[in-house]
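A.B. asks: predicted structure and sequence below. I'll ask about it afterward.
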Amino acid sequence: MKKLLLGLIFSSCLFLCSCGEIENTGVIYTMDTVVTVSIYNDENFKEHFNKIKEIYKEVENVSDDYKSGKDSVSIYDLNHAREAYVSNTLLDILKESIRIYDKTEGYFNPFIGSLSHKWKDAMKENKILDSATINEELEIMKNTSLKIDGNHISIVGDGNIDLGGIAKGYATNMAKKYLEDSQISSYYIDAGNSSIAIGNKMGKEYTIGLSKPYDFNGYIGIIKDKDKVISCSSPQNQYVTIDGNIYHHLIHPFNGYPSSTYDSIFVFNQNALEGDAYSTAIFHMGFDKALQFAKNNNLDILMYSNNKILFQTEGVKLYE
């Protein structure tokens, strides 16, 4: 959900400060959020916007783990059938998920689907998932993998796949690539509660705010940048409070409970797919491991918890 307030456009973790007249803007309702696409001075905006909409809708269709795909297999279908021939798009997302799984040493885990669903069902009833169920699901996750033979995918083991931590980033990255391949450099894509991909504002920088978690009227700071992707993981839109404790949808892949070290993780890079997945992975890492991972992968990050910045890399320049 977005709110227009004091000239600022708010999303879950990020907001784009009012940047003057933008000639062409369109919105896409997809993946439980609103994606805003804006392009400066392009007479073919409708064509470009429709192509970007197709990208998001295709990714939404195949990555949905709650319903069958239209004209192609979705993750829901694959989880139920356990094997299927999938589209090139779903194949690519699955391969990227396994790549990120390996690179993050399992802190991004696409096999968390069943555990994630059970936590969401429990939280809908304002309950905490019991430890026996958590331990059972963790064991299932450990023994689940994918077998890939061309476009034929088999799930080995009893776990289910969840692409929620990467699908929107994948679509945003494809949309960004499409615009750049079309020689469009003055644009921004606000992908709702996960990331913002920006080109330039007629050669100038954009001004982007980092929202305070659980406070849509406040912000951590402002950055000024161009040609960048900013991704965020934060529980602020999907959580419940039980007995004074916050429980949310970002489930730690090793202990099975909602992670509690941070309130928000921001990743600054050039790749929306990796930014989306890396911010999820870092959200579950301990402080030292998170810093080492960021260093090893040349990432700029900002870590925020309990109303203060825990750490920011040198490349993150904040303004009041």
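C.D. replies: Noted; the coordinates are in hand. Not measured: the values here are computed from a predicted model.
A.B. asks: how close does the residue lying closest to Gly157 once chain neighbours are set aside get to Ile161?
C.D. replies: Excluding the flanking residues, the one nearest Gly157 by CB to CB, 6 or more residues apart in numbering is Thr144, at 3.5 Å. C-beta coordinates here come from the backbone N, C-alpha and C atoms, glycine included. Distance of Thr144 to Ile161, computed by CB to CB, to the nearest Å: 9 Å.
A.B. asks: overlap in contacts, those two.
C.D. replies: 111, 155 (CB atoms under 8 Å, 6 or more residues apart in numbering).
A.B. asks: more neighbours, these two?
C.D. replies: A direct count of neighbours by other CB atoms under 10 Å for Thr144 and Ile161 places Ile161 higher, at 23 against 20.
A.B. asks: still on that earlier bit, distance of the residue nearest to Gly157 from Glu136?
C.D. replies: 13 Å.
A.B. asks: same thing with Ser233?
C.D. replies: Distance of Ser233 to Glu136, computed by CB to CB: 26 Å.
A.B. asks: for Lys308, same thing?
C.D. replies: Applying CB to CB, the value for Lys308 to Glu136 is 37 Å.
A.B. asks: quick one: which of these two has more around it?
C.D. replies: In this view Lys308 and Glu136 are compared by other CB under 10 Å, and Glu136 has more residues nearby, 16 against 9.
A.B. asks: which of the helices or strands spans the more buried one?
C.D. replies: Using DSSP states H and E, Glu136 maps to helix 131-142.
A.B. asks: which strand in this protein has the most residues?
C.D. replies: Secondary structure assigned by DSSP state E gives strand 215-225 as the longest strand of the chain.
A.B. asks: who touches that one?
C.D. replies: With CB under 8 Å, 6+ apart, strand 215-225 has contacts from 3, 5, 10, 15, 17, 198, 205-212, 230, 264, 268, 302, 304, 309, 316-320.
A.B. asks: now the helices: where do they sit in the stretch 101-250 of the chain?
C.D. replies: Counting by DSSP state H, counting those that start in this stretch, one finds helices in the stretch 101-250 of the chain at the ranges 113-124, 131-142, 167-181.
A.B. asks: any idea how far the spatially closest residue to Ile230 that is not a sequence neighbour is from Ser264?
C.D. replies: Leaving aside its chain neighbours, Ile230 sits nearest to Ile196 (5.1 Å; criterion: CB to CB, 6+ apart). Applying CB to CB, the value for Ile196 to Ser264 is 14 Å.
A.B. asks: what about Ile251, how many neighbours?
C.D. replies: Residue neighbour count, defined by other CB under 10 Å, stands at 24 for Ile251.
A.B. asks: let's have the chain start at 31 instead
C.D. replies: Fine by me, first position is 31 from now on; the one you just mentioned is Ile281.
A.B. asks: okay, the closest residue to Leu159 other than its chain neighbours: pLDDT?
C.D. replies: Leaving aside its sequence neighbours, Leu159 sits nearest to Ala152 (CB to CB, 6+ apart; 4.5 Å). We have a pLDDT of 92 for Ala152.
A.B. asks: pretty sure Ala152 sits against Ile158.
C.D. replies: Yes - the criterion here is CB atoms under 8 Å, and Ala152 meets it with Ile158 at 6.4 Å.
A.B. asks: and the longest helix for the chain?
C.D. replies: helix 75-93 (DSSP state H).
A.B. asks: residues in contact with that helix?
C.D. replies: With CB under 8 Å, 6+ apart as the test, helix 75-93 has contacts from 53-54, 56, 58, 60-61, 65, 67, 69, 72, 99-100, 102-105, 116-117, 119-120, 123, 193-194, 197-198, 200-201, 204-205, 208-209, 212, 214, 219.
A.B. asks: pull out the buried residues from those residues.
C.D. replies: The neighbour count (16 or more other CB atoms under 10 Å) marks 54, 56, 58, 60-61, 65, 67, 69, 72, 99, 102-105, 116-117, 119-120, 123, 193-194, 197-198, 200-201, 204-205, 209, 214, 219 as buried among those.
A.B. asks: so which of those residues belong to strands?
C.D. replies: Using DSSP E, the subset of those located in strands is 54, 56, 58, 60, 65, 67, 69, 219.
A.B. asks: pipe these into CSV and attach pLDDT and distance to Lys133 per row.
C.D. replies: What follows is these, written out as CSV (pLDDT from 0 to 100; distance: CB to CB, whole Å):
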residue, pLDDT, distance to Lys133
Asn54, 91, 37
Gly56, 95, 34
Ile58, 96, 29
Thr60, 95, 27
Val65, 95, 26
Val67, 96, 29
Ile69, 94, 32
Ile219, 96, 24
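A.B. asks: excluding its backbone neighbours, what's nearest Asn337?
C.D. replies: Spatial nearest neighbour of Asn337, chain neighbours left out: Lys242 (7.4 Å); criterion: CB to CB, 6+ apart.
A.B. asks: check Met315 too.
C.D. replies: Tyr137 is the one closest to Met315 (CB to CB, 6+ apart), at 5.6 Å.
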